[in-house]
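**Q** pasting the sequence and the predicted model now:
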Amino acid sequence: MTATQDPDAPLLADLMPWSVAPLRAGRAWVLAPDAASLRARWAALAAAPDEAARTALFRPTRARDPRSAVAQLPGQATPTGRLARGPGPCPEPVRVAHGPYDRQWLLPDHRLLDAARPELWRVTGTADATGTGDGTGQIHLLEPAPGTDGPAFSALLPDGHSPGGRPGRIRPLHRRPGGTEPNLAPGLLSHLSARLGRAVSAEDFLAWTATAATPTRAGLTVPLTASPERWDAGVAHGRRALWLHTYGARCAPTPGERPRMPGGRRPYVRAALPTAGLPGRLSYEPAEETLCLGDGRIAPVPEAAWEARAGGVRVLEDWFTARTAGPAEPGTLEALRPSVWQREWTSELLELITVLSLLAELRAEAPEPPEGPRVGAAELARAGVLPPPPSSRRPASVLDHQEEGPEGQFALL
């Protein structure tokens, strides 16, 4: 749904008050499109002959060096001793959302990350980080830079990367582990439920946001209808958008259902991708609806999937470049990367094409912009919903959760 500009539409930043800044790794080698590269990089770091060599490979910043002492990331069983004493076993790589559509792997070790945003890890299901999902229902809204794209959504922990280089904020749907407290202005759901004459859940609100959110210079606004019929149509449309954005992990039409194109329109490998080396070029043949990766061919690929952009960058080209860019500086950990096309990348590419294609179809089927009675910012202010209390903009405390601090110490949060 592309809503018309509504001067009384409340800001998303007021409706979902708590947000987290994007992760800041500080070093590129901790993230990769494949988990095996991360394990190889860790092994090379551990095999460094002395502390000076290890420090050079590590690439220190003002926030992190091999002597940094930091707490364990929530949900991750990694050591907290200083790396200078020896890296220890390799942390198990976790799957993360890299930007709006890509999914890559990250070494979840707090000693490696300049700004890991522990408060975000604390409310993301541990199993979700591996890509399996744990039933908590956490969904992250990825807010774009003001005035650019609409929001994206992820069930995986997102790193907040923006292909256009202007990252926005990350807004989790839930403030606590297990989805026990919505990240919404207190009183918002009860007010909407009363106005619409039906129970409104946090997931309903997020689905409406997926449909109605409007980019403005001030940030995303969310026009709220007071029409039950328009609300139901928008929520149904938005739930399908959440299902697609999360690659089927959330809001599935039937339990376990994954996004698939209808028969005859499903993308397949028509000419094998290279078994030696990496494809040197990505191109598109619109007449044949064919995506070309060197000599490899995938079809049918709708032109809308090829033209899909995030932050002004073509999504498929950005995904391809992340896996086939030229070699990194010799002798660095980043240089340890696949020299041949990985089989799992083909499956991931087919999934990405499917999601982009179905999202394009969904946008074309968007309900009409909300007209008639609305629930505006002024009404929410009169009801005491806005502005949200300052406490709602801060992370929720987790008083019964023990986490390992620096050098193996423990603290209750």
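**A** Now that the structure is in, tell me what you want to look at.
**Q** would you verify that residue 111 is located in a strand?
**A** No - counting by DSSP: H, G, I helix; E, B strand; the rest coil, residue 111 is located in no strand; its state is helix.
**Q** OK, contacts around it?
**A** 64, 68, 70, 78, 80, 82, 83 (CB atoms under 8 Å, 6 or more residues apart in numbering). (C-beta placed from N, C-alpha, C; glycine too.)
**Q** neighbour count and secondary structure for these - can I get that in a markdown table?
**A** A markdown table is the format used below for the contacts of residue 111 (neighbours: other CB atoms under 10 Å; DSSP: H, G, I helix; E, B strand; the rest coil):
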| residue | neighbour count | secondary structure |
| --- | --- | --- |
| 64 | 22 | coil |
| 68 | 18 | coil |
| 70 | 19 | coil |
| 78 | 18 | coil |
| 80 | 19 | coil |
| 82 | 16 | coil |
| 83 | 23 | helix |
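**Q** among these, which one lies nearest to residue 99?
**A** residue 64 (22.7 Å; CB to CB).
**Q** my read: the closest one touches residue 26, true?
**A** Yes - contact status for residue 64 versus residue 26: in contact at 5.8 Å, counting by CB atoms under 8 Å.
**Q** what is in contact with those two at once?
**A** 113, 114.
**Q** so residue 322 belongs to a helix, correct?
**A** Yes - assessed with three-state DSSP, residue 322 lies in a helix.
**Q** which ones are touching the residue nearest to it when sequence neighbours are not counted?
**A** Leaving out its chain neighbours, the residue that sits closest to residue 322 by CB to CB, 6 or more residues apart in numbering is residue 33, at 5.7 Å. Taking CB under 8 Å, 6+ apart, we find residue 33 in contact with 102, 104, 105, 322, 323, 342, 345.
**Q** apply 10 Å and report the result again.
**A** Taking CB atoms under 10 Å, 6 or more residues apart in numbering as the contact definition, residue 33 lies against 98, 102-105, 319, 322-324, 337-338, 342, 344-345, 348.
**Q** ok, residue 267 next?
**A** 261, 289-291, 298-302, 305, 349-354, 357.
**Q** repeat that for residue 372.
**A** 225, 226, 227, 229, 230.
**Q** check the burial of the last one by counting its neighbours.
**A** Applying the criterion other CB atoms under 10 Å, we find 22 residues in the vicinity of residue 230.
**Q** and the stretch of helix or strand it belongs to, what's buried?
**A** Secondary-structure element containing residue 230, defined by DSSP states H and E: helix 228-245. For helix 228-245, the buried set under the neighbour-count rule, 16 or more other CB atoms under 10 Å, comprises 230-235, 237-245.
**Q** closest to residue 115 out of those residues?
**A** residue 245 (24.6 Å).
**Q** wait, isn't that closest one in contact with residue 359?
**A** Yes - Residue 245 is within contact range of residue 359, at 7.6 Å (criterion: CB atoms under 10 Å).
**Q** name the residues contacting each of the two.
**A** 101, 152, 259.
**Q** quick check: nearest residue in space to residue 299, chain neighbours excluded?
**A** residue 290 (4.3 Å).
**Q** typo on my end, residue 139
**A** Nearest non-adjacent residue to residue 139 (CB to CB, 6+ apart): residue 173, at 4.6 Å.
**Q** again, but for residue 115
**A** residue 24 (3.9 Å).
**Q** what about that neighbour, how many neighbours?
**A** Considering only other CB under 10 Å, residue 24 is surrounded by 15 other residues.
**Q** what's near enough to touch it?
**A** By CB under 10 Å, 6+ apart, the contact list for residue 24 reads 61, 63, 113, 114, 115, 116, 117, 159, 160, 167.
**Q** if we only consider those residues, which is nearest to residue 180?
**A** Nearest to residue 180 among these, with distances taken as CB to CB, is residue 117, at 20.2 Å.
**Q** next, the contact list for the closest one, please.
**A** Contacts of residue 117 (CB under 10 Å, 6+ apart): 20, 21, 22, 23, 24, 73, 157, 158, 159, 160, 170, 395.
**Q** pick out whichever of those sits closest to residue 10.
**A** Of all these, residue 170 has the smallest distance to residue 10: 19.5 Å, by CB to CB.
**Q** report the beta-bridge partners for the closest one.
**A** Note on residue 170: beta-bridge partners by DSSP bridges are residue 20, residue 142.
**Q** quick one on the thing from earlier: just the buried residues out of the contacts of residue 33, in PyMOL syntax.
**A** Buried members of the contacts of residue 33, identified by 16+ other CB under 10 Å, are gathered into one PyMOL selection as follows:
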select buried, resi 98+102+103+104+105+319+322+323+324+337+338+342+345+348
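**Q** in TSV, list the contacts of residue 24 along with distance to residue 389.
**A** Output for the contacts of residue 24, formatted as TSV (distance: CB to CB, whole Å):
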residue	distance to residue 389
61	36
63	31
113	31
114	31
115	26
116	27
117	22
159	29
160	25
167	27
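**Q** pLDDT score assigned to the closest residue to residue 236 other than its chain neighbours?
**A** Distances taken as CB to CB, 6+ apart put residue 207 closest to residue 236, at 7.8 Å, once the chain neighbours are dropped. Reported pLDDT at residue 207 in the predicted model: 98.
**Q** sticking with residue 207, tell me its helix or strand.
**A** Per DSSP H and E: helix 202-212 holds residue 207.
**Q** list the buried residues in the helix or strand just after that helix.
**A** Using DSSP H and E, the next helix or strand after helix 202-212 towards the C-terminus is strand 214-216. Residues of strand 214-216 classed as buried: 214, 215 (neighbour count, 16+ other CB under 10 Å).
**Q** next SSE after strand 214-216?
**A** Strand 214-216 is succeeded, C-terminally, by strand 219-221 (DSSP H and E).
**Q** which residues touch that next one?
**A** Contact with strand 219-221 is made by 3, 5-16, 141, 143-151, 168-169, 171, 209, 212-215, 377, as judged by CB under 10 Å, 6+ apart.
**Q** nice, that's everything, thank you.
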